[in-house]
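pasting the sequence and the predicted model now:
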Amino acid sequence: MLPQSDLAQLQKIYVLRDFLAQRLGAPLLKASLERAASVRASAIWLAVLRENQRAIRFYLRHDFERLGLATFTIGAQTFDFDVIVRRSTAQQLDRRFASRQGEEARPAERPMLNPLDARRQRVSISAVRGPFAIA
């Protein structure tokens with residue numbers, strides 16, 4: 001469970017196969033994490049197609065952790081996704097600042113959201129142009 005109002009969702013980062021060797025994913029992810037930190041998100045999460053083990057390994061290498069499994073049905077097809085999350089840099093910075101000030105960092109009291117709650121999930125399909133797409 002994650003704080004609802006502080007939660008950022010990363011929809012997608014796609015790098016086309018022909019461009020994978022250029023290592024474009026890390027700078028795109030870094031930009032996404034910086035954006036989440038700039039709006040004071042306590043965490044950033046996304047759902048990755050379970051079959052896409054390469055992408056899952058990428059996110060795990062970048063300090064994401066598995067939160068659970070979500071299943072989506074689109075038409076007659078069913079897809080399994082790993083829901084993964086990374087606590088935001090903004091939250092880490094707040095803790096460091098508070099510890100320097102001799103205060104205890106307290107989490108804000110906010111309603112909790114479970115990203116696995118399918119009623120709140122949004123599925124989007126977008127076209128990819130150029131070597132990568134972020135949605």
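Happy to help now that I have it.

the helices in this structure, which residues?
Applying DSSP state H to the chain gives helices spanning 25-38, 53-61, 89-100.

same question for the first one, mean pLDDT?
What that stands for is helix 25-38. Helix 25-38 comes out with an average pLDDT of 89.

report the angle between that helix and helix 53-61.
Following axes from the mean of the first three to the mean of the last three C-alpha atoms, to 10 degrees, one obtains 50 degrees for the angle between helix 25-38 and helix 53-61.

export helix 25-38 as PDB, just CAs?
Taking Å, rounded to 0.1, in the frame of the first residue of the first chain, the C-alpha atoms of helix 25-38 are listed here in PDB:
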ATOM      1  CA  GLY A  25      16.500   3.500 -20.900                       C
ATOM      2  CA  ALA A  26      18.600   4.700 -18.000                       C
ATOM      3  CA  PRO A  27      18.500   8.400 -18.900                       C
ATOM      4  CA  LEU A  28      14.800   8.200 -19.700                       C
ATOM      5  CA  LEU A  29      14.100   6.600 -16.300                       C
ATOM      6  CA  LYS A  30      16.300   9.100 -14.600                       C
ATOM      7  CA  ALA A  31      14.300  11.900 -16.100                       C
ATOM      8  CA  SER A  32      11.100  10.200 -15.000                       C
ATOM      9  CA  LEU A  33      12.400   9.800 -11.400                       C
ATOM     10  CA  GLU A  34      13.500  13.500 -11.300                       C
ATOM     11  CA  ARG A  35      10.000  14.600 -12.400                       C
ATOM     12  CA  ALA A  36       8.500  12.400  -9.700                       C
ATOM     13  CA  ALA A  37      10.800  14.000  -7.100                       C
ATOM     14  CA  SER A  38      10.000  17.500  -8.400                       C
END
